[in-house]
Structures are given as structure tokens and as C-alpha cells.
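*Asks:* Give me the fold of what follows.
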Amino acid sequence: MNTQDHAPGRPAAAELGVIEVRLREVRQLFDAMDPSPFREKDLDSKAEEYIVESVKELPSRSPCALVIHLDRPTGLPDEARCIGDAVRVHFTRQSDRLRRDLHRLIRRGFLSLGIGVGFLAALFAAAQLVSRLMGDDGVAALLREGLIIGGWVAMWRPLEIFLYDWWPIVGERRIHDRLSRIDVQVVPGNAGTRDDLTRILTGSDPGSGHTARTAGRGGIW
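*Replies:* Model (predicted):
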């Protein structure tokens, strides 16, 4: 993946708040091993990674767009809509998968918490029994503290889930939710100048004074 070059003196396409990719043909965007119909195909893993990483660089609350420079158009009259729908459907599926992953993680966390609390209570009771039976000598104190430490170690996994493991999934899901609504534009491969891009994105003349506020990336396969 390379950064797309821009003519000297022109603002980079990134200033328009879009993610740009250049493809020789549309099948490069999708997983060649996926036999699903076009609209339901998964994206190529490298293409998906590039788009996701690009969105992470954009302001979280700003709108974003994906502009695909296609050297060999498919020839379909609704090419842009079909490709856009396929991209959005893919990221909708990924968002749903992350939602299911989060629910499974939370269920596992509650199950681990129940086991951990029960184990901690049992070892705490055992430590109290040791204290009553063996008194407070060195061996008894060592055994009692060992039991209590073992009980708290059992709480490590549920605490890890509820303190650390869930929020990266939530963050990834928010990104995929955002991509499930992304505006996708398909343009001929030679329409990569800023003026052409501005006309496509704003639906207006480039000289009308529209100014983008976000940042984006451009890449080439």
C-alpha cells in the first residue's frame, strides 16, 4: 500500500476528509475465495485493514467518504451503488459480529465472576478455619495468607474482562458502525485531481467555496 502522490501546489486529497483507494478492477476490493453473491461478498483482508486504519485517523464525529478510483469500470449502470452497498453490508456484518463477540465476552465475564467469587469465599472460609485450628504461628499464617492470595488470583480473569477486555471491542464496533454508513463514490481512475474529487463529494462546482474539515488517506493497490 502506498500513499497516493499529489501535484505540487495542490492540497492533498486527504484534506477533503475522504479515504481514497486506487484499483485496477473491482474484484481487487473483495475476497477472491468468497463464493457469495457480489453484494454479500467479504472485502479483501488488506483492503478492509486499510480502510479501517484510515478511518481511525479521522476525527471520530466527522462524516467520511470512500472514493474508489477504478481503472477498469464494471460497465454496470448502477456500479457505484452496487459497490457501495457491498462495502456497507460487509461492515454491517462485521459490526454485528463484534456485537456478538462483546455479548459472549460479557457472559463469560459474569460466569468467571461467579466462579471467582465462589472460589474466593471458599478459600477465605478455609483460611479462617486454619486460623482457628492452628492458631497464629508462622506456618498457620503462611497457609492462611496463601489461601487468601489464591482466592484473589481466581478473580484475575473476571476483573481483566470487566476492566480491560470489553472496551477495545466497543471501539472496533463503533468504527465498523461508522463504516456501515460510509458514502462510497466510484470514479474513473484518471479522475484523481482535487477539483474532480471536490465536485464528486460536494455535488457542486469546486470554486464555490466549500471547504472540508476532516482528514483522510489515499492509497494504491
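
*Asks:* any weak-confidence spans in this protein?
*Replies:* Residue ranges of the chain with pLDDT under 70: 1-17, 189-221.

*Asks:* what residue lies at the spatial centre of it?
*Replies:* residue 172 (3.3 Å; C-alpha atoms, centre = their mean).

*Asks:* ok, now which ones touch the residue nearest to that residue when sequence neighbours are not counted?
*Replies:* Of all residues not flanking residue 172 in the chain, residue 98 sits nearest, at 5.6 Å (C-beta to C-beta, 6 or more residues apart in numbering). To be clear about C-beta, it is placed using only N, CA and C from the backbone, and glycine gets the same treatment. By C-beta atoms under 8 Å, 6 or more residues apart in numbering, residue 98 lies in contact with 169, 172-173, 176.

*Asks:* so where do the strands sit in this structure?
*Replies:* 2-3, 18-25, 65-72, 183-188, 217-220 (DSSP state E).

*Asks:* Can you tell me the strand partners of the third one and which way each runs?
*Replies:* Read that as strand 65-72. In the sheet, strand 65-72 lines up against strand 18-25 (parallel), strand 183-188 (parallel) (DSSP bridges).

*Asks:* just these: most buried one?
*Replies:* With neighbours taken as mean count of other C-beta atoms under 10 Å, the strands paired with strand 65-72 reach their highest mean count in strand 18-25, at a mean of 20.

*Asks:* Run the chain-centre distance for that strand.
*Replies:* Its chain's average C-alpha position is 19 Å from that of strand 18-25, according to C-alpha atoms, centre = their mean, to the nearest Å.

*Asks:* about what we covered before: what would the strands of the chain look like in JSON lines with distance to residue 102?
*Replies:* Shown next, in JSON lines, are those (distance: least, C-beta to C-beta, whole Å):
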{"stretch": "strand 2-3", "distance to residue 102": "34"}
{"stretch": "strand 18-25", "distance to residue 102": "25"}
{"stretch": "strand 65-72", "distance to residue 102": "25"}
{"stretch": "strand 183-188", "distance to residue 102": "27"}
{"stretch": "strand 217-220", "distance to residue 102": "28"}
